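Chemist: structure for the following, please:
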Amino acid sequence: MPTFLPDLPEARIQEALARSPGNELRSGKIDGPESSAALVANAFGWFLDRPLALPALPGVPAGAVESVDLAVEMRFPWADGRHPWLDVGIVTHTTLVGITSKRYEPFRPAKVSDFSDVYDRPVWGPNMARYTALAHGLIDGTADFRVLDAVQLVKQAYGIRTRAEKRALGTVLVYLYAEPATWASGKPVDAKRRAAHRAEVARFAQTVAGDEVVFKALRWGDLLRQWAAVPALAAHAQALSLRFGDLG
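Modeler: Predicted coordinates:
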C-alpha cells in the first residue's frame, strides 16, 4: 500500500483511487518513484475534507471552493463506451474545474491516442467549435501534436462540458504539468522534449481559446510556490517538495 503524507484522509484517497480505471493501487504503480498519481493524491488529497482551504488556482478565477474530489469521471451524453476521467474535480458556486496532471508522462515515448466514431456527434454545441475543429484535425492528421496528448485533452474538455451543463456551471480544464530536470534515476530529462512540450501546450491553448471550456495550463512548481506563500498551506507545500523533488 502507498505511504501518504501525514494529515491526509487515507481512506478517502484510497477509495477514490480504487474506482479510477488507471489501476494505480492494485497494480502498485502509485508506489513508483515517478508516479503522477502519487503526486496528485498527496497534493489534492489534503483538501478532500477541507475544500475551503484550497485557494483559487493561479489564473483560474472560479470563486470559493465547495468540494474537491479525486479521480472524477466526466461522462459524455451517452451511456455506452468509455468516458474520460480527470485527476481532480473542483466545484465552486459558479464553476466546474477539472484537473489533468502530468509529471513525467510527456517526456516518455508517446502512446497512440485517437478518437472513435462516437465523438463525431452534433452534441457539443457551437461554443465548442474550436475543440471540435481540433478533433477533426487530429483525426485527419492536419493537427500535429507529438508530445502533448491533445486527443486526451479534447475528450476531457467534452466530458467537463457535459457534466457542467447539467449543473449550469462554467467550465475550466486545467493542464497541470511538471518540468523535472531529471528522471528519478538522476538521468537528465531531454531538454528539447521539455521545450517541445511547452510549445505544444501553448499552441493547444491558443487553438481552443474562446470556447466554452476554458483551457488553462499550470506548472506544478508554480502551484506549489503559491501554496508555500499561504501560511496554512506552507507546511503541506514543503512536504510535497521534499517528497517529490523539483517539479519545475
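
Chemist: does the residue nearest in space to the middle of the chain sit in a helix or strand, and which one?
Modeler: By C-alpha atoms, centre = their mean, the chain has its centre lying nearest to T100, at 0.9 Å. In this assignment (DSSP states H and E), T100 forms part of strand 95-102.

Chemist: elements contacting the helix or strand just after that strand?
Modeler: Sequence order places helix 129-140 as the next helix or strand after strand 95-102, per DSSP H and E. Packing contacts for helix 129-140, counted by 3 or more C-beta pairs under 8 Å, 6 or more residues apart in numbering; DSSP states H and E, involve helix 150-167, helix 191-208. Using the backbone N, CA and C atoms, a C-beta is placed for each residue, glycine as well.

Chemist: between those helices, which has the poorest mean confidence score?
Modeler: Lowest mean pLDDT within the helices and strands packed on helix 129-140: helix 150-167, a mean of 91.

Chemist: so after it, what's the next helix or strand?
Modeler: Following helix 150-167 toward the C-terminus (DSSP H and E): strand 170-177.

Chemist: what's that following strand packed up against?
Modeler: If contacts are counted by 3+ C-beta pairs under 8 Å, 6+ apart, strand 170-177 sits against strand 95-102, helix 150-167, helix 191-208, strand 213-219, helix 220-228.

Chemist: what bridges to F215?
Modeler: F215 has these beta-bridge partners by DSSP bridges: L173.

Chemist: any idea how far A228 is from the residue nearest to the centre of the chain?
Modeler: Computed as C-beta to C-beta, to the nearest Å, the T100 to A228 distance reads 23 Å.

Chemist: follow-up on the earlier one: out of the helices and strands packed on helix 129-140, which is the most enclosed?
Modeler: helix 150-167 (a mean of 21; mean count of other C-beta atoms under 10 Å).

Chemist: contacts for it?
Modeler: Outside helix 150-167, the residues within contact range by C-beta atoms under 8 Å, 6 or more residues apart in numbering are 73-77, 83-84, 86, 95-96, 98, 100, 113-115, 119, 124-125, 128, 131, 134-135, 138, 143, 170-173, 175, 200, 204, 208, 211-213, 215.

Chemist: kindly format the C-alpha coordinates of that helix as CSV.
Modeler: Below are the C-alpha coordinates for helix 150-167, written out as CSV (Å, rounded to 0.1, in the frame of the first residue of the first chain):
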residue,chain,number,x,y,z
ALA,A,150,-4.1,16.6,-27.4
VAL,A,151,-6.6,13.9,-28.1
GLN,A,152,-7.0,13.2,-24.3
LEU,A,153,-7.4,16.9,-23.6
VAL,A,154,-10.2,17.3,-26.2
LYS,A,155,-12.0,14.3,-24.8
GLN,A,156,-11.7,15.7,-21.2
ALA,A,157,-13.0,19.0,-22.4
TYR,A,158,-16.1,17.3,-23.9
GLY,A,159,-16.6,15.4,-20.7
ILE,A,160,-16.3,18.5,-18.5
ARG,A,161,-18.7,20.4,-20.7
THR,A,162,-21.3,17.6,-20.5
ARG,A,163,-21.1,17.4,-16.7
ALA,A,164,-21.2,21.2,-16.1
GLU,A,165,-24.1,21.7,-18.5
LYS,A,166,-26.3,19.7,-16.2
ARG,A,167,-25.5,22.0,-13.3
